[in-house]
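*Asks:* using only what follows, build the 3D model:
(one chain, ligands or ions: 1)
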Amino acid sequence: MGKPTSTNILSPVSPISSPVKTGPSSRPFELRVPSYRPNEGHVRGPCPALNALANRGHLPYDGRNITFGKIVHAMQKGMGLSYGFAVFMAIGTFTLMRRPSLKAFDLHEIDKHGYIEHNASVTRDDTPKGQKYAPLDIDHARLQAFLDKSHVTPTSQGKCVITAETIVDERIELELKSQPLKPLYAEIARAEFAMVLEIFGAGKDKEVPTEAVRTLLEKEEFPPDWKPTHVLHLWDAIKMSSHIRKLMDERRMDEPVAHAMLREPPQGQDKEAHHQGLLELTTEWWQQYWQSKEVGGV
Ligand code: HEM
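*Replies:* You can find the predicted model right below:
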C-alpha cells in the first residue's frame, strides 16, 4: 500500500491572514478563526488533535514540514500545554517515530502502524495484517458507538457528557475486540483521551460535552470559539491516565472470563470440556479477585 496522502478533503475555505488573539494578554493561548479545511495536496494524519491544530493554523495548514519547534508551539498555543509538557510531547513524537535526527515530517507519516499509531482506536479501524499504514478514514459507526456511551451525570446539568467512565467502557470494549495492545500502546491510547478530558473537560470530574468530543473526533475541529482555558501540566495528564487505568484494571478482572465466554469451543473440543475450562477460569478469577482485595483466598 502506498503512503496515504490526504483525508477529509472538504470544500476549501481561504485561510485567515492573521490570528485573532483573545483573552488576557498574560495568557499565551490563541483563538484562530475561521478554520481552514484541507485542500488538494494537503495532508492529515490519524490524530484528531493535530489535524484540528493544522485546520486552525497552529500547525502548517498543509500538514507538512512539522518540526520539533512547531509541535512545542502548537501544543502550548493551541492546546494549553505547559512548556515542559509540550517539550515532552515533541520528544515523545520524534522518539516513537524513530527520528533521532529530528528531521521534519508530514502529518500522514505518523500513521505508520506500530510507531505511534496503534489498533483499537475509537475513530479508525485496525490496520489490516501486512499493511504499513493504518486506515485514515473515520469509521463513523465505530465513532457513534463510542458517543452513544455518553450519559447525563449528576453534575452535567442534563447534558450528555463523556467522562473517565465512558473512556473506560470504550477502551475495554475496543481492546477486547482487537488483539490485546502492548502495554506502551494501551498507555498511549489512555493518554490520548486523558488529554481530551483534561483539555476540554469542566468541573471536578473533567466532563466533556458529547458534542465537543464529536466535533473534535469527527470534524477534527475544536468547538466553535473554543480556546484553552488553563495551562495543562504533564502531571495532571498522568494522573488522569492513571485514574483511567485503575478503573480499567478493576473492571478487567473479568476480562479472561469474558473473552472465554465470547468464544465458541475450540475445534475438536466438546462443549462439556469447554464449560469445564470456563469453570476453572472463573474459579481462578475469583481467587485472584479475593487475593487482590487482601481478604484471603477461597
Ligand atoms: C505531539 C503531539 C501528538 C502526536 C504526535 C499525536 C499522535 C497521535 C496518533 C499517531 C494517533 C493515532 C493513534 C491511533 O492509532 O488511534 C493519535 C490519536 C489521538 N490523539 Fe493524538 N497526538 C498528539 C497530541 C494529541 C493531543 C494534545 C491530544 C489531545 C486532545 C490528542 C488526542 C488524540 C486522540 C483523542 C486520539 C485518538 C483517536 C482515536 O482513538 O481514534 N493527541 N494521536
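*Asks:* residue ranges in this structure under the pLDDT threshold?
*Replies:* Within the chain, the ranges that satisfy pLDDT under 70 run 1-37, 253-266, 285-286, 288-298.
*Asks:* so which bits of it are right by the ligand?
*Replies:* 46-50, 71, 79, 89, 93, 110, 116-118, 121-124, 134, 192-193, 195-196, 199 (Cβ under 6 Å from any ligand atom). Using the backbone N, CA and C atoms, a C-beta is placed for each residue, glycine as well.
*Asks:* looking at the residues you listed, which are in helices?
*Replies:* The subset of the residues of the chain next to the ligand located in helices under the criterion DSSP state H comprises 48-50, 71, 79, 89, 93, 192-193, 195-196, 199.
*Asks:* from these, pick the one nearest E207.
*Replies:* Sorting these by distance to E207 puts V196 at the head of the list, at 11.2 Å, by Cβ to Cβ.
*Asks:* who are the contact partners of the closest one?
*Replies:* For V196, the contacting residues are 49, 162, 208, 213, 216, taking Cβ atoms under 8 Å, 6 or more residues apart in numbering as the criterion.
*Asks:* can I take it that V161 is in a strand?
*Replies:* Yes: per DSSP: H, G, I helix; E, B strand; the rest coil, V161 lies within a strand segment.
*Asks:* what's the closest non-adjacent residue to it?
*Replies:* Once its chain neighbours are removed from consideration, V161 has its nearest residue in E207; the separation is 4.0 Å (Cβ to Cβ, 6 or more residues apart in numbering).
*Asks:* go ahead and confirm that neighbour touches T163.
*Replies:* Yes: taking Cβ atoms under 8 Å as the definition, E207 is a contact partner of T163 at 5.3 Å.
*Asks:* more neighbours, these two?
*Replies:* For E207 and T163, the more surrounded residue by other Cβ atoms under 10 Å is E207, and the numbers stand at 25 against 21.
*Asks:* and stretch 164-178, what's buried?
*Replies:* When neighbours are counted by 16 or more other Cβ atoms under 10 Å, the buried residues of stretch 164-178 are found to be 164, 166-172, 174-175.
*Asks:* quick one, phi psi at P100?
*Replies:* Backbone torsions for P100, taken as degrees, to the nearest 10, come to phi -60, psi -20.
*Asks:* OK, contacts around it?
*Replies:* Going by Cβ under 8 Å, 6+ apart, P100 touches F94.
*Asks:* now M240
*Replies:* When contacts are taken as Cβ under 8 Å, 6+ apart, M240 is in contact with 164, 194-195, 197-198, 206.
*Asks:* ditto for M195
*Replies:* 49, 79, 232, 237, 240.
*Asks:* burial of the closest residue to the last one other than its chain neighbours, as a residue count?
*Replies:* In this structure, M240 finds its nearest non-sequential neighbour in A194, 3.9 Å apart by Cβ to Cβ, 6+ apart. A194 sits with 25 neighbouring residues when counted by other Cβ under 10 Å.
*Asks:* how close does A194 sit to C47?
*Replies:* In this structure, A194 lies at 14 Å from C47, with Cβ to Cβ, to the nearest Å as the measure.
*Asks:* E170 now?
*Replies:* In this structure, E170 and C47 are separated by 17 Å, where distance is defined by Cβ to Cβ.
*Asks:* any chance of the backbone angles for L181?
*Replies:* Note on L181: its backbone torsions stand at phi -80, psi 150 [degrees, to the nearest 10].
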